[in-house]
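# mind folding the following:
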Amino acid sequence: MKYLFIFLVMTLLGCKESPIHIIQTDKGKVEGSFNSDKSIRIFKGIPFAAPPVDNLRWQAPQPTAAWEGTLSCTEFSASPVQNKPQPFYCWTEEFIAQPEPLDEDCLYLNVWTGAQSNREKRPVFVWIYGGGLSSGSSNCAIYDGEEMAKQGLVFVSINYRVGVLGFMAHPELSAETEHKTSGNYGILDQIAALKWVQNNIQAFGGDPDNVTIAGQSAGAFSVNTLLATPLAEGLFHKAILQSGGILSNRLQQNLEAAEKQGEKFMKIASAGSIAELRKIPADKIQLLSNDTAAGRFGLTLDNYLLPAELMSYFQNQQHQQVPLMAGWVTGDGSFFGPTNMTVAAYEAEAENLYGERAETFLKIFPANTADEVKEMKSLLTLLNFAGTTPRLLARFNTQPTYVYEFGHVPPDKPDFPNYGAFHTSEVPFALHTLHTWERPWRTLDKQIEDMMSAYWVNFAKTGNPNGNDLPEWKVYEETIGHILTIGETTTSQAAYRKAELDFLVF
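This next block holds a predicted model:
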């Protein structure tokens with residue numbers, strides 16, 4: 001009996017596992033925390049690249065060093081350097097990066113997982129934040145991944161460099177590199193994070209062969225870029241673009257123009273070389289970049305990360321062919337503010353822009369009063385900013401593309417204007433994070449949240465958003481043009497916005 005007891009004790013000791021909130025990555029062990037009911041393991045602030053400081057400023061992300069012992073990953077890292085985040089217009093604090101800390105040492109990611117074993121192979125969902133490529137962070141409240149993890153995904157959110165530190169090009173910087181190009185460091189950060197996912201996500205119970213990338217606004221521009229760049233080939237298998245895409249966005253320029261912008265910034269900074277620029281504190285670099293003469297830093301079409309002829313690249317179907325979901329919010333049309341254009345000016349602009357097609361344009365986008373001009377300009381902004389990209393992607397993509405329009409208006413907040421279905425308002429519905437947004441939520445809001453997040457989860461799992469008890473979402477085809485409209489009711493409508501899109505995308 002004595003020996004049987006000893007045998008049982010030794011067997012139990014031999015089977016004892018390490019705490020399930022400690023994971024071995026390729027660089028070392030990381031320790032996370034649990035959610036309140038201990039169903040989800042949460043890891044915040046895992047380094048995926050070396051700190052891009054000193055001589056690594058304005059360089060492609062480099063591998064992070066391995067560490068000894070166990071790294072505590074229970075708090076978000078610093079956000080990338082940017083102007084101090086603060087609520088504005090319709091975007092309350094839930095939509096904004098935490099005001100501090102901000103630091104160049106920002107290349108970290110976060111993981112939420114309900115998997116109990118590295119053998120589970122759950123679908124992986126990688127979220128890329130918006131912010132005009134000049135602001136943003138993975139620590140925004142509405143990007144919390146717990147609820148999506150509860151629905152069976154391994155949810156990953158990542159940081160990337162923004163603004164002048166993330167996207168400045170310069171001839172000196174180009175000369176430093178093997179490929180003689182510069183800029184796009186923020187996108188290279190995203191690629192480094194996706195490589196980390198490929199190398200490590202199985203340890204968190206994720207499937208590296210079933211990765212969906214998703215983003216909103218500049219995050220959608222980033223997703224579109226990752227679809228295009230050969231540097232991201234094989235790093236993901238499905239993509240979601242919410243309110244944006246570089247096929248319809250002008251936040252891009254060729255290498256020569258981008259390098260000239262960098263030279264202009266060097267003069268603004270009173271620096272004689274990149275070496276001198278690298279010695280200027282990051283917060284001062286950020287402050288200097290606010291000079292209007294510096295311009296806005298964005299994507300560089302450099303024939304390395306991105307082809308110079310981006311549209312023809314997609315037309316020739318050289319991008320990654322994966323299932324897509326793409327759409328917009330009705331408030332995207334007012335994202336850039338109202339217009340006070342007169343009817344006469346509106347008609348003159350149509351003649352100037354469309355020439356012999358102007359008459360057709362005015363039939364499809366008619367405006368006989370100043371109010372109608374505002375309405376039509378808002379619609380045109382919406383479709384040009386976000387609507388034409390899904391249409392174009394559906395044309396060039398050999399895999400299924402699902403298109404949506406979100407028009408649901410969140411409930412009023414006391415003593416706060418109602419901005420309608422505003423740019424970014426769909427994100428908490430899609431990511432099931434209404435609980436992080438302070439509003440008096442109604443039953444309908446919760447139902448839409450459950451429905452939208454189910455579509456997003458189903459798509460991440462299988463490439464098809466449809467599922468039991470969900471309104472059917474039909475594949476978008478140019479000839480029929482089914483678009484899922486999400487609002488008081490949700491339905492897949494044929495030929496929705498078809499005349500407008502046929503005119504703008506021909």
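# how near is Met311 to Leu301?
Met311 sits at a distance of 11 Å from Leu301 (criterion: C-beta to C-beta, to the nearest Å). For the C-beta atoms, the positions are set from N, CA and C on the backbone; glycine is no exception.
# which of the two has more neighbours?
Neighbours per residue (other C-beta atoms under 10 Å) separate Met311 from Leu301, with Leu301 holding more: 22 against 12.
# where in the protein is pLDDT low?
Across the chain, the ranges flagged by pLDDT under 70 are 1-20, 248-250, 335-338.
# in the strand ranked longest in it, what's buried?
Secondary structure assigned by DSSP state E gives strand 206-216 as the longest strand of the chain. Within strand 206-216, the residues that count as buried by 16 or more other C-beta atoms under 10 Å are 206-208, 210-216.
# same check on stretch 297-310?
The neighbour-count check on stretch 297-310 (16+ other C-beta under 10 Å) flags 297-302, 304-307, 310 as buried.
# isn't Thr212 up against Ile128?
No: using C-beta atoms under 8 Å, Thr212 is not in contact with Ile128, being 11.1 Å away.
# start to end distance for stretch 471-486?
10 Å (C-alpha to C-alpha, to the nearest Å).
# so how far is Leu241 from Phe221?
Phe221 sits at a distance of 8 Å from Leu241 (criterion: C-beta to C-beta).
# okay, and the common contacts of those two?
Shared contacts of Phe221 and Leu241 (C-beta atoms under 8 Å, 6 or more residues apart in numbering): Gly215.
# circling back: past the longest strand of the chain, which element shows up next along the chain?
helix 218-228 (DSSP states H and E).
# Leu247 touches Tyr313, doesn't it?
No: in this structure, Leu247 is not within contact of Tyr313 by C-beta under 8 Å, at 10.2 Å.
# who's more crowded, the two?
Using other C-beta under 10 Å, the more surrounded residue of Leu247 and Tyr313 is Leu247, with 21 against 18.
# so which helix or strand takes in that one?
Remark: Leu247 resides in no helix or strand, with elements defined by DSSP H and E.
# go on, the one 10 residues further on?
Secondary structure assignment for Ala257, by DSSP H and E: helix 255-268.
# ok so, going back, which two among the buried residues of stretch 297-310 are spaced furthest apart?
Maximum pairwise distance among the buried residues of stretch 297-310 (C-beta to C-beta): 19.8 Å, between Phe297 and Pro307.
# all the helices of the stretch 301-450 of the chain, in order from the start?
310-315, 343-354, 358-364, 370-382, 388-396, 427-430, 443-462 (DSSP state H, counting those that start in this stretch).
# most tightly packed of those helices?
Highest mean neighbour count among the helices of the stretch 301-450 of the chain (mean count of other C-beta atoms under 10 Å): helix 427-430, with a mean of 26.
# same for that one, what does it pack against?
If contacts are counted by 3 or more C-beta pairs under 8 Å, 6 or more residues apart in numbering; DSSP states H and E, helix 427-430 sits against helix 443-462.
# between strand 206-216 and the helix it packs on, find me the angle.
Interaxial angle, helix 443-462 versus strand 206-216 (axes from the mean of the first three to the mean of the last three C-alpha atoms, to 10 degrees): 130 degrees.
# helix 443-462 packs against which elements?
In terms of contacts (3+ C-beta pairs under 8 Å, 6+ apart), helix 443-462 is packed against strand 122-128, helix 146-150, strand 206-216, strand 238-242, strand 324-329, helix 427-430, strand 483-486.
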